[in-house]
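Participant: what's the 3D shape of this:
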Amino acid sequence: MTPLDGLMVHLRNTHPGITGQETQPLKSDGYWFLDIISNDHHLTVQWAADHGFGVSLLAADTGYGEAPDWHSTSLEETKARCDELLT
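Facilitator: The predicted structure is shown next:
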């Protein structure tokens, strides 16, 4: 279980109807991704053991490959940031 799994459990409990798709890295030291959709909100959360979390709120003008809008090494802070963006 990755920290993204714990994040998704939290988000499903606090935001009914949310959907998420987790993508594994191609290399063991790469980034995991979690794409989250809730109503009109679309977030992408990335995580790597040695870099922590990155959160991006996706919009029509968001380009592929852009760096995350927000960073943290804390799962609890990442949960709070996602809650903020999804409300």
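Participant: how close does the closest residue to Leu57 other than its chain neighbours get to Ala49?
Facilitator: Distances taken as C-beta to C-beta, 6 or more residues apart in numbering place Leu85 nearest to Leu57, at 5.3 Å, with adjacent residues excluded. (Glycine included, C-beta is placed from N, CA and C.) Leu85 is 23 Å from Ala49, where distance means C-beta to C-beta, to the nearest Å.
Participant: of the two, who's got more company?
Facilitator: Neighbours around Leu85 and Ala49, counted as other C-beta atoms under 10 Å, are more numerous at Leu85. The numbers are 17 against 11.
Participant: tell me which other helices or strands the helix or strand hosting Asn13 touches.
Facilitator: For Asn13, the enclosing helix or strand under DSSP states H and E is helix 3-14. Of the remaining helices and strands, those touching helix 3-14 by 3 or more C-beta pairs under 8 Å, 6 or more residues apart in numbering; DSSP states H and E are strand 19-23, strand 32-38, strand 41-48, helix 75-86.
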